[in-house]
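Colleague: This is the structure alone, sequence omitted:
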């Protein structure tokens, strides 16, 4: 996790995964459990896999309840609203949104947002309150709604969605809404997210006489691999610049690359993991062969040579994309503004974004996303009023959310005129508008993900698989098979218990 003050509520969660991109084995293992970080030996999903009845000890539940009362149960007649945490800007902005909502719905008051749970584990407190029959009325969550719905911790929303102003099923990208759907019911709304794409340094392209328009970006992974060699420079055993590092995709991006190669890690329709599919084995072998050929297959050497990303790393080394030493890197929408948090060299100013290239067995481009879900906990006393707030947040409130913290709105009712202020300031309005339109378009090609009842456990295993492949401690086939076996066993256990 970065040793700086986070700029928004998701920054620290994403940061853990960024460190996994080119880090040591320890850094890779530290990245195993988004959205709620946990140690690899005990990922959050393991705790989240409990049946609907709480497994929290009475003393812990009492302490959790005390913490909640200290922060948020003061407005007896108001809709209680929780979020797992966040910066001061993120948290206080919800007060503005709530006031705007109440002006349109004068009979409903939204209580002050409870951001986080102090030193307590938010998910444990959330589950304890659901089990005790005293949950909040509305909550933002950073754990997959499916992983909570399978235990009966969330209210189904389909009936409420059908009569809503903004939240009908047709108004959500299918790939995003699938993260909230289990056994034919919908248990949350993916109100805000950040889609992924390929960032590339157009200035470096132009310097080498390579076409730099978005439409000219490689369309296949084979072409991306070929282009990468144009920018990768070794000085003896020291890596000085990179084209594209195949070791960098985090577990979110690995879901995207799997889809790019015609597969997935989890089949939600069949409730079955497919981690060791032939296409996934082919993909990881392709990425490993690329790493060995272009980067000498030594993760430690590559990591020691530089910080090949967008953010200062755990050792506070400056990022090299902005310095013009990285030609191409996959990441999310938020990077477009965050990259200006450090000095940008002359060759880092002219960057752009493009769609993902297709894998050897793929048929079309895909994208992925970091989500912010909103849910109604099971047993919420103000369920209908709480849903009106979620519905408003989906279509209108998220616009105010975006002004404070630029998480990408996902609902089709949101104004297309939103633009990130930082990109507008540092580039120009035309570029910012085009980039915003591009990332919102990525919602339509987002692959189904975050949809497993044991999502965080699977995140852990997929990250471990990646570590094994790129440290060459296991073959792609063996590493994928091991992850498949572990995830399917965990899923079977949870489904049996639920």
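Modeller: Arrived safely. The structure displayed is predicted, hence computed values, not measured ones.
Colleague: which parts of stretch 159-177 are buried?
Modeller: Buried residues in stretch 159-177, defined by neighbour count with 16 or more other Cβ atoms under 10 Å: 160-161, 164, 166-167, 171-173, 175-177. Using the backbone N, CA and C atoms, a C-beta is placed for each residue, glycine as well.
Colleague: what does stretch 475-485 give?
Modeller: Within stretch 475-485, the residues that count as buried by 16+ other Cβ under 10 Å are 476-477, 479-484.
Colleague: Ok, stretch 264-275 next?
Modeller: Within stretch 264-275, the residues that qualify as buried are 264-266, 268, 271, 273-275, counting by 16+ other Cβ under 10 Å.
Colleague: which residues does the spatially closest residue to residue 266 that is not a sequence neighbour contact?
Modeller: Closest residue to residue 266 apart from its sequence neighbours, by Cβ to Cβ, 6 or more residues apart in numbering: residue 452 at 4.6 Å. Residues near residue 452 by Cβ atoms under 8 Å, 6 or more residues apart in numbering: 144, 146-147, 266, 268, 273, 458, 487, 491.
Colleague: ok, of those, which one's closest to residue 131?
Modeller: residue 147 (15.8 Å; Cβ to Cβ).
Colleague: Regarding the closest one, what are the backbone dihedral angles?
Modeller: Backbone torsions for residue 147, taken as degrees, to the nearest 10, come to phi -70, psi -20.
Colleague: gap between it and residue 257?
Modeller: Going from residue 147 to residue 257 by Cβ to Cβ, to the nearest Å gives 23 Å.
Colleague: Which residue of those two possesses the greater neighbour count?
Modeller: Higher neighbour count among residue 147 and residue 257: residue 147, with 29 against 25, using other Cβ atoms under 10 Å.
Colleague: quick one, strands of the stretch 251-400 of the chain?
Modeller: All strands of the stretch 251-400 of the chain, identified by DSSP state E, counting those that start in this stretch, fall at 266-267, 272-273, 328-332, 351-354, 369-375.
Colleague: for stretch 224-244, how far is the first residue from the last?
Modeller: Terminal residues of stretch 224-244 are spaced 8 Å apart (Cα to Cα, to the nearest Å).
Colleague: re earlier: so what's the backbone phi/psi at the residue nearest to residue 266?
Modeller: phi -100, psi 140.
Colleague: domains of the protein?
Modeller: With domains defined by automatic domain parsing, the chain comprises 45-194+371-424, 196-368+452-497.
Colleague: now the longest one, how far from the chain's geometric center?
Modeller: In terms of Cα atoms, centre = their mean, to the nearest Å, the gap separating the centre of domain 196-368+452-497 from the centre of its chain is 14 Å.
Colleague: taking the mean pLDDT, what do you get for it?
Modeller: Mean per-residue pLDDT for domain 196-368+452-497: 96.
Colleague: still on that earlier bit, and the buried residues of stretch 264-275 as a markdown table, adding distance to residue 94?
Modeller: Shown next, in a markdown table, are the buried residues of stretch 264-275 (distance: Cβ to Cβ, whole Å):
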| residue | distance to residue 94 |
| --- | --- |
| 264 | 34 |
| 265 | 33 |
| 266 | 32 |
| 268 | 31 |
| 271 | 35 |
| 273 | 36 |
| 274 | 38 |
| 275 | 37 |
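Colleague: if we take those, which one ends up nearest to residue 151?
Modeller: Distances from residue 151 to the buried residues of stretch 264-275, taken as Cβ to Cβ, are shortest for residue 271 (14.8 Å).
Colleague: Just list the residues touching the closest one, thanks.
Modeller: By Cβ under 8 Å, 6+ apart, residue 271 lies in contact with 453, 491, 495.
Colleague: where along the stretch 101-250 of the chain do the helices fall?
Modeller: Under the criterion DSSP state H, counting those that start in this stretch, the stretch 101-250 of the chain contains helices at 122-131, 145-149, 158-162, 174-177, 202-207, 221-228.
Colleague: So which of these is nearest residue 448?
Modeller: Taking Cβ to Cβ, helix 174-177 is the member of the helices of the stretch 101-250 of the chain nearest to residue 448, at 5.2 Å.
Colleague: picking that back up, for the buried residues of stretch 159-177, which two are the farthest from each other?
Modeller: 160 and 175, at 22.0 Å, using Cβ to Cβ across the buried residues of stretch 159-177.
Colleague: chain center to stretch 366-385: distance?
Modeller: With Cα atoms, centre = their mean, you get 15 Å for stretch 366-385.
Colleague: Now do the end-to-end distance for it.
Modeller: One end of stretch 366-385 sits 36 Å from the other (Cα to Cα).
Colleague: Mind listing what's buried along it?
Modeller: Neighbour-count burial for stretch 366-385 flags 366-380, 382-383, 385 (criterion: 16+ other Cβ under 10 Å).
Colleague: how about TSV for the domains of the chain, with distance to residue 439 added?
Modeller: Formatted as TSV, the domains of the chain follow (distance: least, Cβ to Cβ, whole Å):
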stretch	distance to residue 439
domain 45-194+371-424	6
domain 196-368+452-497	5
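Colleague: closest to residue 443 out of those domains?
Modeller: When the domains of the chain are ranked by proximity to residue 443, the top entry is domain 45-194+371-424, at 4.3 Å, counting by Cβ to Cβ.
Colleague: Quick check: bridge partners of the spatially most central residue of the chain?
Modeller: Computing the C-alpha centroid of the chain and ranking residues by Cα atoms, centre = their mean puts residue 370 first, at 2.2 Å. Per DSSP bridges, the residues bridged to residue 370 are residue 194.
Colleague: Residue 297 and residue 472 touch, don't they?
Modeller: Yes: judged on Cβ atoms under 8 Å, residue 297 makes contact with residue 472 at a distance of 6.6 Å.
Colleague: any common contacting residues for those two?
Modeller: With Cβ under 8 Å, 6+ apart, residue 297 and residue 472 have common neighbours residue 288.
Colleague: Which one of the two is surrounded by more residues?
Modeller: A count of neighbours by other Cβ under 10 Å puts residue 297 above the other of residue 297 and residue 472, at 17 against 14.
Colleague: Excluding residues flanking it in the chain, which one is nearest residue 247?
Modeller: Residue 247 sits nearest to residue 470 (Cβ to Cβ, 6+ apart), 4.8 Å away.
Colleague: now that neighbour: how far from residue 306?
Modeller: In this structure, residue 470 and residue 306 are 17 Å apart, going by Cβ to Cβ.
Colleague: These two - which one has more neighbours?
Modeller: Looking at residue 470 and residue 306 with other Cβ under 10 Å, you find the greater number of neighbours at residue 470, namely 27 against 21.
Colleague: Return the member of the buried residues of stretch 264-275 nearest to residue 188.
Modeller: Closest approach to residue 188 among the buried residues of stretch 264-275 (Cβ to Cβ): residue 268, at 14.3 Å.
Colleague: Settle this for me: that closest one is touching residue 450, isn't it.
Modeller: No: counting by Cβ under 8 Å, residue 268 stays clear of residue 450, with 10.0 Å between them.
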